[in-house]
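[1] Got a sequence here, can you model it:
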Amino acid sequence: MKKHLYLLLAGLSFTVAQSQEISDALRYSQDNLNGTARFRAMSGAFGALGGDLSSINVNPAGSAVFTNNQMAVTLTNFDTKNNSNYFGGTATEKENSFDLNQAGIVFVFNTRNPNSKWRKISLAINYENANNFDNGLFSAGTNPNNSIANYFLSYANNGNGGAPVPQDFVNTNPGESISQLYSFLGSNLPNGQYPNLSGFAAQQAFLGYQGYVLNAADESNNNSTFLSNVPAGGNYYQENSVYSTGYNGKLSFNAATSYNDQFYFGLNLNSHFTDFNKSSSFYEDNSNPLGTNDQITRVQFDNDLYTYGSGFSFQVGAIAKITNEIRFGMAYQSSTWYTLNDELSQRLITVSGNSTGELPQDVVDPQVVNVYEPYKLQTPSKLTGSFAYVFGKSGLISIDYAFKDYSDTKFKPENDPLFRTLNNDMNELLNVTGELRIGAEYKIKALSLRAGYRYEQSPYKNAVTVGDLTGYSAGLGYNFGSTKLDLAYSYAKRNSQQGFFNQGFTDGASIDAINNNVSLTLLFEL
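    Numbering: from 1, shown residues only. Down below sits the predicted model:
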């Protein structure tokens, strides 16, 4: 008989192992098109231009292009529409939010030595909401093959290093509550006796067993395998709802200089901070024939994830003004080194029945928040080459092309068995990507007209799990003298097809995600 050391503190379970996924890594590795309205209207193609506070996020040398001190603030309306198709069932979910997208200031210090070719030094501080996580997904359809029972079975039968989770960890002792055992599993596994059994895997097996989704093949055998208690031989109607909120912020401290008004060099030191909440709810029911023994007819599985943390990165860049018209830029963005914290709570509700009718529902709600040990994430670096052609004071065309190797993404510590497996998966599944940005601007006296195009390759080799991104943008600006007002509209579309769960039951919907954003920037010359 097992002996449990209960580690309960105000409903918290302090655990040492969790279940990250590739999608978690990509959440912090991918950049969205954010920044000032002028920057967004030209699809972010500013690597060889500079002179815009958001341009320093592409090439830090861009702040040395400013001729005077400036301050800018940008507000953005984020509108997301997700069209879902799950086994022929279609659904649409929309989310709309309004947020401070950018705020920054740049100071330009001209040299007092007329003989020096180092003409100026610029210092800037700029904040950007690098990624807005406000989103909603809803999928519904009839699955002809698989039940969510396979998710719980996968952990129950293979969670102990490929062997079943022991019966001791799915059955409560007399006087032991659901919360106590769930907390114990998260806090005390793996251990010396079960070095290959993670607390997360044991918790999933425990939930499935206590919710009667699973049965032991042999109740008297502590190492028995598990069987599904969901009737087979028919269809499963399923719904999956995922709603998220939060942001990934980036605060850049920039310094740049100009040599002979021809060459520009810059450096960014970036502080990153993230706050992400995701609530998901999966529902399944079936009308399959029931026997005389109780079997599951309905399942609802709820998960609430909260991730927060901070990180650091740096950028270096240069711009060369070859002629008054032609400019080239080159910039390197380092990996971002994050330290992240996860908190997870779960709840399972099931309804069973037999040939005589339906029984009252069973609720397995530990009311415990799993507080995991902090872990580290290293995102891929990025190299950007840029070209711009300036038509005097009437207009310009700018092109950026960037490379990023997503297969270099790493969870740390790398010697952790779970992270090592996940890192190997990312190295095998993820790819080197290219990103093309094209922007143009045309001036009619105080009025500026802008447009842009953006294409980003899928981070996956199969280009299906997350597809390519295509985006368009347009905008205008008006110069009032010492004050400027810019307005931009941007559109982006990307398809994806990711499983609702990471193992056992990996069926998922095909999602067409469409983003429509409107940004307004107020700029002051100081």
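[2] In three-state terms, label Lys404 for me.
    strand (DSSP: H, G, I helix; E, B strand; the rest coil).
[3] Just to check, Ser448 is in contact with Gly477?
    Yes: the pair Ser448 and Gly477 passes the contact test of Cβ atoms under 8 Å, sitting 4.2 Å apart. Glycine gets a C-beta too; all of them are placed from N, C-alpha and C.
[4] And these two? Which one has more around it.
    Shown here are Ser448 and Gly477; by other Cβ atoms under 10 Å, Gly477 has more neighbours (22 against 19).
[5] Surely the more buried one and Arg450 touch.
    Yes: look at Gly477 against Arg450 with Cβ under 8 Å: they come within range, at 7.1 Å.
[6] joint contacts of those two?
    Arg38, Ala41 (Cβ atoms under 8 Å, 6 or more residues apart in numbering).
[7] who touches both of Ser448 and Gly477?
    In contact with both Ser448 and Gly477: Arg38, Asp486, using Cβ under 8 Å, 6+ apart.
[8] would you say Tyr264 is within a strand?
    Yes: assessed by three-state DSSP, Tyr264 belongs to a strand.
[9] Run through the bridge partners of it.
    Ser258, Ile319 (DSSP bridges).
[10] you'd agree it is up against Val316?
    No: using Cβ under 8 Å, Tyr264 is not in contact with Val316, being 11.9 Å away.
[11] in this structure, what spans have low per-residue confidence?
    Under the criterion pLDDT under 70, the flagged ranges of the chain are 1-18, 292, 355.
[12] all helices for it, in order.
    Under the criterion DSSP state H, the chain contains helices at 22-29, 37-41, 149-158, 178-188, 199-210, 417-429.
[13] for those helices, which one sits closest to Ile105?
    Of all the helices of the chain, it is helix 37-41 that lies closest to Ile105, at 15.7 Å by Cβ to Cβ.
[14] Show me what the closest one is packed against.
    strand 447-456, strand 466-479, strand 483-497, strand 510-525 (3 or more Cβ pairs under 8 Å, 6 or more residues apart in numbering; DSSP states H and E).
[15] quick one: contacts of it?
    33-34, 46, 52, 54-55, 74, 439, 441, 448, 450-452, 473-477, 486-490, 517, 519-521.
[16] Pull out the buried positions in stretch 44-62.
    44-50, 52-62 (16 or more other Cβ atoms under 10 Å).
[17] Sorry, slip of the keys, the one I care about is stretch 223-235.
    Ser224, Thr225, Phe226, Ser228, Asn229, Val230, Pro231.
[18] Can you get me the start-to-end distance on that stretch?
    Using Cα to Cα, to the nearest Å, the end-to-end distance of stretch 223-235 comes out at 31 Å.
[19] How far does it sit from its chain's centre?
    34 Å (Cα atoms, centre = their mean, to the nearest Å).
[20] Same check on stretch 508-518?
    That offset, for stretch 508-518, works out to 14 Å (Cα atoms, centre = their mean).
[21] ditto for stretch 329-349
    Worked out by Cα atoms, centre = their mean, stretch 329-349 lies 7 Å from the chain centre.
[22] Check stretch 515-526 too.
    For stretch 515-526, the distance to the chain centre is 24 Å (Cα atoms, centre = their mean).
[23] For the closest residue to Glu21 other than its chain neighbours, the count of nearby residues, please.
    Nearest non-adjacent residue to Glu21, counting by Cβ to Cβ, 6 or more residues apart in numbering: Asn502, 4.9 Å away. Residue neighbour count, defined by other Cβ under 10 Å, stands at 17 for Asn502.
[24] Would you list the phi and psi of Asn502?
    The phi and psi torsions at Asn502 (degrees, to the nearest 10) take the values phi -90, psi -10.
[25] Please apply the same query to the one 3 residues further on.
    Here is the backbone geometry of Phe505 (degrees, to the nearest 10): phi -120, psi 90.
[26] That one: what's it in contact with?
    Asn146, Ser147, Ile148, Ala149, Asn150, Tyr151, Ser154, Gly499.
[27] By neighbours, which of those residues wins?
    Neighbour counts for those were taken using other Cβ under 10 Å; the highest belongs to Ile148, which has 28 neighbours.
[28] so how far is Asn260 from the spatially most distant residue from the centre of the chain?
    For the chain, the residue at maximal distance from the C-alpha centroid (Cα atoms, centre = their mean) is Asn115, at 50.5 Å. With distances taken as Cβ to Cβ, to the nearest Å, Asn115 is found 12 Å from Asn260.
[29] ok, now how distant is Leu214 from Ser220?
    Leu214 is 16 Å from Ser220, by Cβ to Cβ.
[30] Between the two, point out the one with more neighbours.
    Leu214 (27 against 7).
[31] May I have the beta-bridge partners of that one?
    Ser228.
[32] Check which residues of stretch 479-491 are buried.
    Asn479, Lys484, Asp486, Leu487, Ala488, Tyr489, Ser490.
[33] what's near enough to touch Thr433?
    Contacts of Thr433 by Cβ under 8 Å, 6+ apart are Phe403, Lys404, Asp405, Tyr406, Glu456, Gln457, Ser458, Pro459.
[34] how near is the nearest residue to it once chain neighbours are set aside to Thr421?
    In space, and not counting its chain neighbours, Thr433 is closest to Gln457: 4.1 Å by Cβ to Cβ, 6+ apart. For Gln457, the distance to Thr421 (Cβ to Cβ) stands at 26 Å.
[35] Likewise for Asn240?
    With Cβ to Cβ as the criterion, Asn240 and Thr421 are 25 Å apart.
[36] what do you get for Phe200?
    On the measure of Cβ to Cβ, Phe200 and Thr421 end up 14 Å apart.
[37] Between those two, tell me which one has more neighbours.
    Using other Cβ under 10 Å as the criterion, Phe200 and Thr421 rank with Phe200 on top: 24 against 11.
[38] So the more buried one sits against Ser19, correct?
    Yes: counting by Cβ under 8 Å, Ser19 is a contact partner of Phe200 at 4.8 Å.
[39] State the distance from Met330 to Gly467.
    In terms of Cβ to Cβ, Met330 sits 29 Å off from Gly467.
[40] So between those two, which is more surrounded?
    Gly467 (22 against 17).
[41] how close does the closest residue to that one other than its chain neighbours get to Glu456?
    Spatial nearest neighbour of Gly467, chain neighbours left out: Asn495 (3.9 Å); criterion: Cβ to Cβ, 6+ apart. Distance, Asn495 to Glu456, using Cβ to Cβ: 13 Å.
[42] Stretch 417-426: which residues count as buried?
    For stretch 417-426, using 16+ other Cβ under 10 Å, the buried residues are Leu418, Phe419, Leu422, Asn423, Met426.
[43] How about residues contacting that stretch?
    Under Cβ under 8 Å, 6+ apart, the answer for stretch 417-426 is 17, 19-22, 25, 198, 375, 406-407, 409-414.
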